[in-house]
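Participant: need coordinates for the below:
(one chain, ligands or ions: 2)
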Amino acid sequence: MTAVKHTVDPLQGEMQQLGSAARAAAAVLALAPTTQKNEALRAAAAALRSRVPEILAANARDLAAAVARGTAASLMDRLKLDETRVEGIAKGLEDVADLPDPIGAVMAEWERPNGLKIARVRVPLGVIGIIYESRPNVTADAGGLCLKSGNACILRGGSDSFESSRAITACMQAGLKAAGLPEASIQLVPTTDRAAVGIMLTMTDDIDVIIPRGGKSLIQRVAAESRIPVIKHLDGICHVYVDAAADPRKARDIVLNAKMRRTSVCGAAETLLVDRSIAQAQLPGLVEALIEAGCEVRGDQTVRALNDRVVPATPADWDTEYLDAIISVRVVDGIDAAVEHINRHGSHHTDSIVTEDAATAETFLNHVDSGIVLWNASTQFADGGEFGMGAEIGISTGKLHARGPVGAEQLTSYKYQVRGSGQIRP
Ligand SMILES: NC(=O)C1=CN([C@@H]2O[C@H](COP(=O)(O)OP(=O)(O)OC[C@H]3O[C@@H](n4cnc5c(N)ncnc54)[C@H](OP(=O)(O)O)[C@@H]3O)[C@@H](O)[C@H]2O)C=CC1
Ligand SMILES: N[C@@H](CCC(=O)OP(=O)(O)O)C(=O)O
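Facilitator: Ligands and ions are numbered 1, 2, ... in the order given. You can find the predicted model right below:
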């Protein structure tokens, strides 16, 4: 009789090992004292500072490969590290160490007439799988926030940043080791093969939550394949609405900043909506300022009639995240039409109104269905650091569990601790 051979796909086997190690690490991290987690974060920061040459050498390899592939300048900038950026990453870890520890915090407590004492207490989620773009700082930010919140993580950074992420992960693991915590608390998927992402999405025993941070292709794959609960950190089709009661100076500054400060970030504005009653007065100046700043303006007929340098917008423009110096501009009939447009075409990420009318602003803040809604401020404030959260995993565009910037506290769940003295239920 011939023996039946069971072959395990090597990548599958490797991912399973990663998962088991993460699960074991999560059990230790969940109960680790705050001082030990903070010690690991500070030791990781020290390791980053002491290994700058290795990190920059790894980054240089990533950059060379990206140049050879003809990568766009904006993506190269996102990928590039220098001494200042590495220092910023190290400082970010120290900032996370300085934050309060969310774990063990009593969210609410009360006593029942029968004497049962009930407390709702913060606990970690467990093991978090994070899939993100080729931005090396996310490796440290995400690893640091997971560590602070008592979660183990499996990181799958963008392929272009593989070498840089590996060097940074080694520093995070050095920090964990120095503090006596399991190195498997923060692991990097050891391949750029996208098949590993597919495997992660099915690792229901060893991953509790998947955080996908990326664009359309990732969205489609996660939606089709994930068997694990997802906290979406997806595309940002962000809007600025300039209302009839807008202060023209604020409108100009906010629109320019929201679009042009950094065009490649998910919080960059992609569409400008302007109320019809002020279009003649304010739009020519806004359009001219954008074009002068190097932005391509795509407009509807009303906008095109105001400036012959405006390119015609097609219906697809209202649903497009350019991540580039391009903006679509539309004239709308008041706040209700603006809200309707944003809720239909936006991605529930970040949207802003410019107005001096408090009642209109309140309508916008209450009716626009996005994780972040702003009044008289730029959409580029969509950032955990800017919200005072130390760092961020990213901006949650979903509604379940967490919305908007996700920091350490958003990476937790809770449990009820019930203390009795022998009560039985009648
Ligand atoms: N909401 C938020 O917090 C943030 C959202 N973003 C969004 O991310 C997008 C820009 O980043 P971009 O570089 O284009 O991100 P991508 O979606 O191309 O890549 C992000 C990650 O997903 C992986 N990935 C993408 N498609 C697949 C697939 N089909 N199967 C497996 N893995 C996949 C990438 O791997 P690989 O490198 O191998 O391609 C990478 O690790 C924008 O839409 C932006 O708004 C960006 C930052 C924060
Ligand atoms: N939310 C942060 C990060 C944004 C970000 O990393 O975006 P991306 O350039 O798409 O990787 C910020 O606004 O700085």
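
Participant: all contacts plus neighbour counts: C-alpha atoms, from now on.
Facilitator: OK.

Participant: get me the contact residues on the stretch 201-350 of the chain for ligand 2.
Facilitator: 264-267 (Cα under 6 Å from any ligand atom).

Participant: where is pLDDT lowest across the residues you listed?
Facilitator: Lowest pLDDT within these is found at Ser264 (87).

Participant: thinking again about what came up before, need the residues of the stretch 201-350 of the chain next to ligand 2 in CSV with distance to Val303, can you?
Facilitator: Conversion of those to CSV gives the following (distance: Cα to Cα, whole Å):
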residue, distance to Val303
Ser264, 25
Val265, 26
Cys266, 25
Gly267, 24
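
Participant: which of those residues are close to ligand 1?
Facilitator: Cys266.

Participant: closest one of the residues of the stretch 201-350 of the chain next to ligand 2 to ligand 2?
Facilitator: Closest approach between those and ligand 2, by Cα to the nearest ligand atom: Val265, at 3.8 Å.

Participant: what about Gln220, which SS state?
Facilitator: Assigned with DSSP: H, G, I helix; E, B strand; the rest coil, Gln220 falls in the helix class.

Participant: relative to ligand 1, how far out is it?
Facilitator: Distance from Gln220 to ligand 1, counting by Cα to the nearest ligand atom, to the nearest Å: 7 Å.

Participant: buried ones in the helix or strand bottoming out on mean pLDDT in the chain, by neighbour count?
Facilitator: One helix or strand of the chain scores below all others by mean pLDDT, DSSP states H and E: helix 73-79, with a mean of 88. Within helix 73-79, the residues scored as buried using 16 or more other Cα atoms under 10 Å are 76, 78-79.

Participant: now the helix or strand following it: how far from the chain's centre is it?
Facilitator: Downstream of helix 73-79, the first helix or strand assigned by DSSP states H and E is helix 83-98. How far helix 83-98 lies from its chain's middle: 18 Å, per Cα atoms, centre = their mean, to the nearest Å.

Participant: got a list of contacts for helix 83-98?
Facilitator: 37-39, 41-42, 44-46, 48-49, 52, 56, 137, 140-141, 144-145, 148, 390-391 (Cα atoms under 8 Å, 6 or more residues apart in numbering).

Participant: so which elements touch the helix or strand hosting Ala24?
Facilitator: Per DSSP H and E, Ala24 falls inside helix 10-30. Packed against helix 10-30, as judged by 3 or more Cα pairs under 8 Å, 6 or more residues apart in numbering; DSSP states H and E, are the following elements: strand 127-131, strand 152-156, strand 186-188, helix 195-200.

Participant: which SSE is immediately downstream of it?
Facilitator: Per DSSP H and E, the first helix or strand lying C-terminal to helix 10-30 is helix 34-50.

Participant: and that following helix, average pLDDT?
Facilitator: So the average pLDDT for helix 34-50 ends up being 98.

Participant: quick thing: my sequence starts at 888, can you match it?
Facilitator: With the count now opening at 888, the last piece we talked about shows up as helix 921-937.

Participant: CA atoms only: put that helix into CSV for me.
Facilitator: C-alpha atoms of helix 921-937 as CSV (Å, rounded to 0.1, in the frame of the first residue of the first chain):
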residue,chain,number,x,y,z
THR,A,921,2.4,49.3,31.4
THR,A,922,6.0,49.9,32.5
GLN,A,923,7.2,46.9,30.6
LYS,A,924,5.4,47.9,27.4
ASN,A,925,6.7,51.4,27.7
GLU,A,926,10.2,50.1,28.3
ALA,A,927,9.9,48.1,25.0
LEU,A,928,8.8,51.2,23.1
ARG,A,929,11.7,53.3,24.5
ALA,A,930,14.2,50.5,23.8
ALA,A,931,12.9,50.2,20.2
ALA,A,932,13.3,54.0,19.8
ALA,A,933,16.9,53.7,21.1
ALA,A,934,17.5,50.8,18.6
LEU,A,935,16.2,52.9,15.7
ARG,A,936,18.6,55.7,16.7
SER,A,937,21.6,53.4,17.0
